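Colleague: Kindly return the folded structure for what I paste below:
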Amino acid sequence: MSNVLRLQWTIVPQKPPQPWLNCNRCGGLRLFESSGKVRVNAQGRRLDAWLVYNCIACKNSWNRPIFERRSVREVEAPLMYALLRNDPDYVRRLAFDVEDLRRRSERIAEFPGVDVRKEALNRPMSSVDMLELRLAGR
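Modeller: Residues are numbered from 1 along each chain as shown. Below is the predicted model of the structure:
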């Protein structure tokens with residue numbers, strides 16, 4: 001019977017991607033970064049929700065739609081709770097949604113910096129015969 005050491009390395013990007021957008025205050029294409037904040041607006045029984053981005057030069061804002069004109073009944077309670085409290089995990093997931101960001105901006109700046117979290121999944125009792133390395137992304 002082989003003794004396998006199982007490790008998991010989780011790769012976590014340090015900075016979310018940033019869209020290049022036309023800034024109406026600066027008057028040209030500028031990088032925008034996620035503020036980490038969500039804006040929710042109610043119009044009657046309809047809700048709008050956006051992830052707020054800021055121009056890195058002048059702090060002008062751009063609201064990236066999460067959803068628009070959705071009935072209050074269609075928004076599940078856990079989602080509403082996450083939006084209203086600017087849940088950091090939910091906001092991070094939105095900010096790293098590159099596919100959605102690419103639909104809204106032709107050019108995206110992505111950054112190579114990552115953190116690697118290393119974790120031993122088991123502790124073999126005797127000498128190790130084999131190493132199993134699992135890579136995960138966050």
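Colleague: Quick check: phi and psi at R85.
Modeller: Torsion angles at R85 (phi, psi; degrees, to the nearest 10) stand at phi -110, psi 10.
Colleague: If you could redo that for R103, that was the one I meant.
Modeller: Torsion angles at R103 (phi, psi; degrees, to the nearest 10) stand at phi -70, psi -20.
Colleague: residues in contact with it?
Modeller: Residues touching R103, when contacts are defined by CB atoms under 8 Å, 6 or more residues apart in numbering, are absent altogether. The C-beta positions use only the backbone N, C-alpha and C, and glycine is treated the same way.
Colleague: how about the nearest residue to G28 once chain neighbours are set aside, what does it touch?
Modeller: Leaving aside its chain neighbours, G28 sits nearest to N22 (7.0 Å; criterion: CB to CB, 6 or more residues apart in numbering). Shown in contact with N22 (CB under 8 Å, 6+ apart): G28, L29, R30.
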